[in-house]
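S.K.: sequence unavailable; structure follows:
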DNA sequence: TGTGATATAGACCATTTGGTCTATTAAATA
DNA sequence: TATTTAATAGACCAAATGGTCTATATCACA
């Protein structure tokens, strides 16, 4: 009995276009180093096959009706089988590329790409690398930087002199920290070993400095202006 | 008098290592298509030269004492002169690469890279593209995905059945929305054209459903669990 | 030495908040 | 049709919150 020396990589295909699906299967079979263990025309079916066959890599079409590809990535990753996901799409939609990579796709290729490049992409991903064609990398970064612009300016504000949080004394910061946890005056007093009245005094000073009227607004101001940056941060 | 047909690109160098600085200047001068309009050995000096000469591109060393390179990127971009910044570093530190790209560097190259590649990187950046060597792109994405993992699982929770926010009725959501703005019962009542008592009833129901005891906790729960995702979101 | 900032705390009071219970109406659904 | 859910609202009460004013002790710094 003959034994193969190089183990074939197990591939699963998910794409609602059956033509395309068959085409890729053909391509990968011809290549010889891949073993297409299953094909699915929708996410639900795909997930089931992933559970059943535990493929090394999944080629996942992004543009599918009902449950979209992004959801598919999330659910496959949730299975924690170490399955690598290569996203497949007809369009170089920056938002889609960004989100796919963000939620853990190992690569993103266009359907219009040459077969050889698709094979290369799969191999890279199988080797534990990220694969993005140069054109898509550019699109990705454009979007990436654009989407962080807001946060950047917000973080600058957080460092700004205008940031009223900087007016707070150390003790006031401690009190605010506890306020943001929804603790009562009594609770804060106990935690800081001071009287409830003192807490109230601090809180009143905090309100004046932050120019707000109640704890909810103070907490919101804190969150929106860089307080608690270690725990919480505003993003895109 | 001879006139040049192709306008040279104006380059500014910022690096605290003078040897290295001189080397790059030499390289770029030899190349002939660049005009090194200035060199600086620290950020402050660099910023001033940027203001003065308004170069097309700045090669900025990341690893400098005192004010570091990241701060330099921020400040140069704040000038809004359209200056492209190419970050330069001795190390392929993933966190540094990520942060540099995040705050708007157009590229990141290692000092160990071949001269030809540096030139190529500068040209790409000048052409409005992002340039990251493949090796650094991989490092970037590793870090990118890792740093979004937390957010991802949090966002999954946000969609989860366990998310208590899903228990809320439409009206309760409206009330909660207003609560998160720090509005009093009276205020909410006016906005929704219902009585204060009704607001209180809704709020009580919200507290029970979210298993909290006061508005601050309710607001925090809301923020941390995907409510207001359009306006605010929790990140790394 | 004295001035200012910080942390502490009491008194007093009005307002707001939160808890509980009951009740009516409309709409959806079994 | 009967039942459930959602939205509305009143009554009553205790607890928490917020506002204002006053006062003391420390510490740093001019």
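M.R.: That came in fine, so what should we check first? Computed from a predicted structure; not experimentally measured.

S.K.: can you pull the residues of chain A lying near chain B?
M.R.: A:74, A:78, A:101-104, A:129-130, A:132, A:137-138, A:141-142, A:144-145, A:148-149, A:151-152, A:156, A:179-182, A:184, A:212-217, A:219-220, A:223-224, A:232-236 (C-beta under 8 Å from any C-beta of the partner chain). C-beta: built from backbone N, CA, C; applies to glycine.

S.K.: now the buried members of those residues.
M.R.: Buried by 16 or more other C-beta atoms under 10 Å in any protein chain shown: A:74, A:101-104, A:129-130, A:132, A:137-138, A:141, A:144-145, A:148, A:151-152, A:156, A:179-180, A:182, A:184, A:212, A:215-217, A:219-220, A:223, A:232-234, out of those.

S.K.: tell me where chain A has helices.
M.R.: A:18-31, A:43-53, A:69-78, A:94-102, A:115-126, A:134-159, A:170-179, A:185-192, A:196-210, A:215-224 (DSSP state H).

S.K.: for these, which one sits closest to residue B:95?
M.R.: Among the helices of chain A, helix A:134-159 comes nearest to residue B:95, with 15.0 Å by C-beta to C-beta.

S.K.: okay, now the unreliable bits of chain A?
M.R.: A:1-6, A:65-67, A:150-162, A:228-236 (pLDDT under 70).

S.K.: grab the nearest non-local neighbour of the residue in chain A that DNA strand D sits nearest to.
M.R.: In chain A, the residue that lies nearest DNA strand D is residue A:214 (3.0 Å; C-beta to the nearest atom of the strand). Excluding its sequence neighbours, the residue lying closest to residue A:214 (C-beta to C-beta, 6 or more residues apart in numbering or on different chains) is residue B:182, at 5.8 Å.

S.K.: ok, that neighbour - contacts?
M.R.: By C-beta atoms under 8 Å, 6 or more residues apart in numbering or on different chains, residue B:182 lies in contact with A:212-214, A:216-217, A:220.

S.K.: among these, which two are most distant?
M.R.: Pairwise distances across those (C-beta to C-beta) peak at 11.7 Å, for the pair A:213 and A:220.

S.K.: count the residues that sit near residue A:106.
M.R.: When neighbours are defined as other C-beta atoms under 10 Å in any protein chain shown, residue A:106 has 26 of them.

S.K.: didn't it look like it was pressed against residue A:130?
M.R.: Yes. Under the criterion of C-beta atoms under 8 Å, residue A:106 makes contact with residue A:130 at 5.8 Å.

S.K.: wait, residue A:121 sits on residue A:84?
M.R.: No. Under the criterion of C-beta under 8 Å, residue A:121 makes no contact with residue A:84, lying 10.8 Å away.

S.K.: residue contacts, residue A:214?
M.R.: Residue A:214 neighbours (C-beta under 8 Å, 6+ apart): A:207, B:182, B:184.

S.K.: gap between the nearest residue to the last one once chain neighbours are set aside and residue A:191?
M.R.: Translated: residue B:184. With sequence-adjacent residues excluded and distances taken as C-beta to C-beta, 6+ apart, residue B:184 is closest to residue A:214, at 7.8 Å. In this view, residue A:214 and residue A:191 are 20 Å apart by C-beta to C-beta, to the nearest Å.

S.K.: likewise residue A:201?
M.R.: For residue A:201, the distance to residue A:191 (C-beta to C-beta) stands at 16 Å.

S.K.: okay, now the closest residue in space to residue A:120 that isn't next to it in sequence: neighbour count?
M.R.: Of all residues not flanking residue A:120 in the chain, residue A:131 sits nearest, at 7.6 Å (C-beta to C-beta, 6+ apart). Using other C-beta under 10 Å, residue A:131 has 27 other residues around it.

S.K.: list, one by one, the residues from chain A near DNA strand D.
M.R.: For chain A, the residues found near DNA strand D under the criterion C-beta under 7 Å from any atom of the strand are A:184-186, A:200-201, A:203-204, A:207, A:213-216.

S.K.: which of the residues you listed sit farthest apart?
M.R.: Of all pairs drawn from the residues of chain A next to DNA strand D, the widest gap by C-beta to C-beta lies between A:186 and A:213 and measures 21.1 Å.

S.K.: list the contacts of residue A:135.
M.R.: Residue A:135 touches residue A:92, counting by C-beta under 8 Å, 6+ apart.

S.K.: okay, now the closest residue in space to residue A:51 that isn't next to it in sequence: neighbour count?
M.R.: Leaving out its chain neighbours, the residue that sits closest to residue A:51 by C-beta to C-beta, 6+ apart is residue A:79, at 6.5 Å. Number of residues near residue A:79 (other C-beta under 10 Å) recorded here: 12.

S.K.: with residue A:128 instead?
M.R.: Look at residue A:128: counted by other C-beta under 10 Å, it has 10 neighbours.

S.K.: on that earlier part again, check the residues of chain A next to chain B against DNA strand C, which are close?
M.R.: Answer for the residues of chain A next to chain B near DNA strand C (C-beta under 7 Å from any atom of the strand): residue A:214.

S.K.: now the helices of chain A as TSV including distance to residue B:50?
M.R.: Listed next are the helices of chain A as TSV, based on distance: least, C-beta to C-beta, whole Å:
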stretch	distance to residue B:50
helix A:18-31	50
helix A:43-53	50
helix A:69-78	40
helix A:94-102	29
helix A:115-126	39
helix A:134-159	18
helix A:170-179	36
helix A:185-192	47
helix A:196-210	36
helix A:215-224	31
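
S.K.: mind checking which of those is nearest residue B:40?
M.R.: Per C-beta to C-beta, nearest to residue B:40 of the helices of chain A: helix A:134-159, 22.5 Å.

S.K.: DNA strand C contacts on chain A?
M.R.: By C-beta under 7 Å from any atom of the strand, the residues of chain A that approach DNA strand C are A:169-172, A:192, A:194-198, A:200-202, A:214.

S.K.: farthest-separated two in those?
M.R.: A:170 and A:214 (22.8 Å).

S.K.: sorry, back to before: looking at the residues of chain A next to DNA strand D, which one is closest to residue A:15?
M.R.: Closest approach between the residues of chain A next to DNA strand D and residue A:15, by C-beta to C-beta: residue A:216, at 48.4 Å.

S.K.: quick check: the closest one vs residue A:179, distance?
M.R.: From residue A:216 over to residue A:179 the distance is 10 Å, taken as C-beta to C-beta.
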